[in-house]
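Participant: Below is the structure, and that's it, no one-letter string:
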């Protein structure tokens, strides 16, 4: 599985480790992804998603059904 959030699209970015002598070496900054099962009462079904911690907080705030509708308007179909 790739390290990409299914709802927000967040993925790994590349940065630098910077030492005391200011030498730079490449490093990866991974997304905090969690495999989580959500129940959608409007659809009466469960959905298993791989989402970032930020997306989980947004789901708790807005609701999963609302987020899925917003993604559908953008042309992204998760279900």
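Facilitator: Looks like it came in fine. What you are looking at is a predicted structure, and each value in this text was computed from that prediction instead of being measured.

Participant: pLDDT score for the residue of the chain most remote from its centre?
Facilitator: Residue farthest from the centre of the chain, counting by CA atoms, centre = their mean, is residue 21 at 35.2 Å. Note for residue 21: predicted pLDDT of 98.

Participant: Could you tell me which residues make contact with it?
Facilitator: Shown in contact with residue 21 (CB atoms under 8 Å, 6 or more residues apart in numbering): no residues. From N, CA and C alone the C-beta is placed, and that goes for glycine too.

Participant: now stretch 24-35: how far from the chain's centre is it?
Facilitator: Distance, stretch centre to chain centre, for stretch 24-35: 13 Å (CA atoms, centre = their mean, to the nearest Å).

Participant: Hmm, I typed the wrong one, I wanted stretch 29-47.
Facilitator: On the basis of CA atoms, centre = their mean, the separation between the geometric centre of stretch 29-47 and that of its chain is 10 Å.
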